[in-house]
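1. structure for this input, please:
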Amino acid sequence: MHPNELFDVIFRWAHLIAGIMWIGNSMLFNWLDRNLEKHHQLSRLSQGKLFMVHSGAFYDVEKKLLEPGDLPEPLHWFKWQNFATWATGLSLLVVVYYMRGGLVNPSVYEMNDGVAVTLSISSLFTGWIIYDGLWRTIGEKNPRFATALSVAMLFGAIFGFCKVFDGRAAFIQTGVLIGTLMTGNVWLCIMPSQRALVAATKSGKDQDPTLSLRAKQRSIHNNYLTFGLLFIMVSNHFGAAITAYLNWLVLIMVIVGGAGVRYFMNLRYLGEGAQRAVGAWLVPAAMSAGVAMVGLLGITQIAKPGVHIDYAVNFSRAQEIIVKRCQQCHSSHPTDDVFKSAPNGVMMDTAAQIVQLAPKIRERAVVGTMMPYLNKTHITDIERAELGAWIDAGAVVK
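-> The predicted structure follows:
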């Protein structure tokens, strides 16, 4: 196994594990907050409690503030799952896209690899500075306006990424940007509030309420970004989405739909163990999911204005294109600088192999444009159309 591929496997596996832990904890605590029963308050500092059953026993959970100096040991913090998710995701961005030159696709935008990496890194820092500055100023006085502006800037970033980066890279860049904002919220807003709470409890002072309100606000932001981020984590498996002509709009609709589903799932709980009628939250949640489905099933069908072929294309011409544009990776002896073995074991050395793979070639290289990878072999629109004409005519060898 090539070292680069080994790092890819290690970081991807760790990213998946850390992400499950982080998002799982986040959703559990969100559920706890929305189901606290106030009538179980045992003291003036209690914010409610609830009872749960799991793993063969009952859990008695109470949320409360503490009397000054009454800090228990040990105190469990939930922070490293978030950092591990962000760090492994950033590592994947470096290994898969920076080290392999995976940001640039000449058919999308001609750009030097160094410029692309600089643009990628700077957008992460700039994104956080703008977002955090917005919510520390305008957001604390006019959260609705700040929300609208934040959403508009996120959608603008998605559009920009999809216009300068390869499709899969644009989606992942968006995911890392969102992950950076969420991680910044955890470490620079939520954690300081928790540290202040602990320090105030130790010293007997009151906690600054501004920190608590800011932390709660940022926690809500993270909550609504969760489902969209999870889609991005698996988006590379959906070529129709990342290579769609309007891939930026596909991603925007998935994020909007995911946030809508999250909102109505949150709206389900009324507190005190009560819930809204199923139809009152499930129907609008399903409608929100429908927005994402329209993006995935509808917008991906909008094709880029293509080249029309009005002449017959025989196997000899199709094979010529495949040898020139595809066999660099898809052969028994690849010559590509990254893929030292045929990706997914797909080889196009013989006529029989090419004919058998014709439907997949049409899906990946003609209808979708995710192959060749990053268009490293510079296949043209005419060549894609010629392959499509040969396949549509029956993909016969003659």
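2. and the next helix or strand past the helix or strand bottoming out on mean pLDDT in the chain?
-> Every helix and strand of the chain was ranked by mean pLDDT, DSSP states H and E. The lowest is strand 269-271, at a mean of 79. Per DSSP states H and E, the first helix or strand lying C-terminal to strand 269-271 is strand 274-275.
3. give me the sheet partners of that following strand and which way each runs.
-> Looking at strand 274-275 with DSSP bridges, its partner strands are strand 269-271 (antiparallel).
4. so what touches the partner strand?
-> W31, R34, N35, L36, E37, K38, G48, Q275, R276 (CB atoms under 8 Å, 6 or more residues apart in numbering). (Glycine included, C-beta is placed from N, CA and C.)
5. hey, which helix is longest across this structure?
-> helix 3-35 (DSSP state H).
6. which parts of that one are buried?
-> 7-8, 11-12, 14-15, 18-19, 21-23, 26, 30, 33, 35 (16 or more other CB atoms under 10 Å).
7. burial of the residue nearest to F58 when sequence neighbours are not counted, as a residue count?
-> Excluding its sequence neighbours, the residue lying closest to F58 (CB to CB, 6 or more residues apart in numbering) is F51, at 6.1 Å. When neighbours are defined as other CB atoms under 10 Å, F51 has 11 of them.
8. partners of F51 in the sheet?
-> D60.
9. give me the domain ranges for the protein.
-> 3-301, 315-392 (automatic domain parsing).
10. same list (those) but as CSV, adding distance to K398.
-> Shown next, in CSV, are the domains of the chain (distance: least, CB to CB, whole Å):
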stretch, distance to K398
domain 3-301, 30
domain 315-392, 6
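11. out of the ones you listed, flag the one nearest V307.
-> domain 315-392 (4.3 Å; CB to CB).
12. give me the phi and psi for M348.
-> Note on M348: backbone dihedrals following degrees, to the nearest 10 are phi -130, psi 40.
13. burial measure for the nearest residue to it once chain neighbours are set aside, as a count.
-> Distances taken as CB to CB, 6+ apart put H330 closest to M348, at 4.7 Å, once the chain neighbours are dropped. H330: 26 surrounding residues under other CB under 10 Å.
14. what of E73?
-> With other CB under 10 Å as criterion, E73 counts 4.
15. again, but for L66
-> 15.
16. and it, its phi and psi?
-> phi -120, psi 150.
17. got it, and the one 10 residues further on?
-> When read as degrees, to the nearest 10, the backbone of H76 gives phi -90, psi 130.
18. identify the residues contacting it.
-> Contacts of H76 (CB under 8 Å, 6+ apart): none.
19. which ones are touching A146?
-> L134, W135, I138, G139.
20. whoops, I mixed them up, A169
-> With CB under 8 Å, 6+ apart, A169 has these contacts: Y97, G102, L103, N105, F161.
21. ok, A84 next?
-> Per CB under 8 Å, 6+ apart, neighbours of A84: A14, A18, M21, W22.
22. again, only this time at 10 Å
-> With contact taken as CB atoms under 10 Å, 6 or more residues apart in numbering, A84 is in contact with A14, H15, I17, A18, G19, M21, W22.
23. returning to that earlier point: so which of the contacts of A169 wins on neighbours?
-> Going by other CB under 10 Å, L103 tops these with 28 neighbours.
24. hang on, that residue packs against S123?
-> No: contact criterion CB atoms under 10 Å: L103 and S123 do not qualify, at 11.3 Å.
25. please report how far the residue nearest to M348 lies from S107.
-> From H330 over to S107 the distance is 18 Å, taken as CB to CB, to the nearest Å.
26. and for I121?
-> 24 Å.
27. which one of the contacts of A84 is nearest G114?
-> H15 (25.4 Å).
28. local confidence estimate at the nearest residue to that closest one once chain neighbours are set aside?
-> Excluding the flanking residues, the one nearest H15 by CB to CB, 6+ apart is T88, at 3.8 Å. For T88, the model assigns a pLDDT of 95.
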